[in-house]
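In: Quick one, fold the following:
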Amino acid sequence: MTTPAINVTGLQKAAQVYDPDFKVMPSIALMPTLAELRIRLLQVSNKHTIVEKLRKGGIAKPYDQDNINYSSLGKMQERHLQTEKSYAAIKDHIGNYKAVDVLFDPTRPADNKTKKHPLEVVIIQDQITTVGEDIIDALFPAIRNTADQSPLGMFNGIDTIIDNAKVSGEISTAEGNLVNSGNFTAPTSETDHAAWDALVAWLRAASAKFSIGQVAVLRIPIAVYAACSDALANKLRYKDVEFADFVRHLQDKANMPKLIVVRHYALGTGDRVTLMVDGNIDMGMNIIGDEQFVQVRNPWEDPNLVQFWLQFDAGLRINSLHKYKFMVNEGTAVANSLSGDYGSGSGSGVGV
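Out: As a prediction, the model looks like this:
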């Protein structure tokens, strides 16, 4: 009988010891970014449905006993958040660490005599961090597709939800939630402030409801922000426009005193900008409190191999596409390259 070279029980114990951290992975890896992007995190199993109630306006009228007209009550619109199953699996070989002096416990050599994987905790922590980065990369551009074996196939991201709603007609110029902005081209001279003017004009085209008692969120790709910020500097005739200056001027010129501006790499490199009421995007995950969030197993005949398995369900939803709560321009969303120090197919390993 072959003696296992890796102490799988020890690996499982490590996962159990660190389980309280693993169970709140969204808080560790996702919550700061989700908070910055103004996305709410919900604990969802399979499907979560809300009902958007749209009130009909203009129901009050002068009384005429001979001419009583009744109005409809309003409209109900269901919005579904469907989570999709995803996973991350690492297949590792103890031999990868024989020739290098990188150990979880540097006082103990990495060889089969220890019956212990040298980087068990580090690998689990790295796996959680990487999955968090992958989810962030996928938040906006992802399209659920099991044939796409990358983070961008995990679930339908926000930009995909928007694109699908454009195709269905739920987002359109007729609905008032698709408003053309024109190009946000970077200034070509010190007197060029067209990009700033285009952004202000686009925001002013939003329904007045955005500026009445609601916190509005403008999500703007970094490159678009840079072009508009430089254009604002030209307009103000000085070159030191900080982010706070940009937001303050935009709040004033767009007449949105509660406007929040979000610029983030997760929004991609395209020229799509969106305006939504705060709290209009939900992300659902099933892993909060999941005791089996991380598993470490030895499923192969070769005892030198060990598997680190992480599984979760995730999905996104825009709660309302009504013009009082949502507006998008005609811009195109373009995904960033994926995070990580290198992609699949790079590097080398022993026996894997």
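In: Tell me which helix or strand the residue lying closest to residue 191 once chain neighbours are set aside sits in.
Out: Leaving aside its chain neighbours, residue 191 sits nearest to residue 234 (6.2 Å; criterion: C-beta to C-beta, 6 or more residues apart in numbering). Quick note: C-beta positions are derived from backbone N, CA and C, even for glycine. Element membership for residue 234, per DSSP states H and E: helix 222-236.
In: same deal with residue 249?
Out: Assigned by DSSP H and E, residue 249 falls within helix 243-253.
In: Show me which positions of the next helix or strand after that helix end up buried.
Out: Sequence-wise, the next helix or strand beyond helix 243-253 is strand 260-262, with elements assigned using DSSP H and E. Buried positions in strand 260-262, judged by neighbour count with 16 or more other C-beta atoms under 10 Å: 261-262.
In: The very next helix or strand once past strand 260-262 - contacts with which helices or strands?
Out: Reading on from strand 260-262 to the C-terminus, the next helix or strand found by DSSP H and E is strand 274-277. Taking 3 or more C-beta pairs under 8 Å, 6 or more residues apart in numbering; DSSP states H and E as contact, the helices and strands that strand 274-277 lies on are strand 216-219, strand 326-328.
In: Need those in CSV (columns: mean neighbour count and distance to residue 157).
Out: Supplementary listing: the helices and strands packed on strand 274-277 in CSV, determined by neighbours: other C-beta atoms under 10 Å; distance: least, C-beta to C-beta, whole Å:
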stretch, mean neighbour count, distance to residue 157
strand 216-219, 24, 13
strand 326-328, 25, 14
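In: now those strands as JSON lines including mean pLDDT?
Out: Compiled in JSON lines, those are given as follows (pLDDT from 0 to 100):
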{"stretch": "strand 216-219", "mean pLDDT": "96"}
{"stretch": "strand 326-328", "mean pLDDT": "96"}
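In: Columns distance to residue 257 on top of these, output as a markdown table?
Out: Conversion of those to a markdown table gives the following (distance: least, C-beta to C-beta, whole Å):
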| stretch | distance to residue 257 |
| --- | --- |
| strand 216-219 | 10 |
| strand 326-328 | 18 |
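In: Minimum distance to residue 193: which of these has it?
Out: Ranking the helices and strands packed on strand 274-277 by distance to residue 193, with C-beta to C-beta as the measure, places strand 216-219 first at 18.2 Å.
In: and the closest one, which strands flank it?
Out: Listed by DSSP bridges, the sheet partners of strand 216-219 and their directions read strand 260-262 (parallel), strand 274-277 (antiparallel).
In: shaky segments in the stretch 51-200 of the chain?
Out: Flagging of the stretch 51-200 of the chain using pLDDT under 70 yields the residue ranges 51-59, 61, 63-65, 68-78, 94-121.
In: Spell out the residue ranges of the helices in it.
Out: 120-138, 158-168, 194-204 (DSSP state H, counting those that start in this stretch).
In: Okay, angle between the first one and helix 158-168 too, please.
Out: Okay, so that is helix 120-138. Taking axes from the mean of the first three to the mean of the last three C-alpha atoms, to 10 degrees, one finds helix 120-138 and helix 158-168 inclined to each other by 30 degrees.
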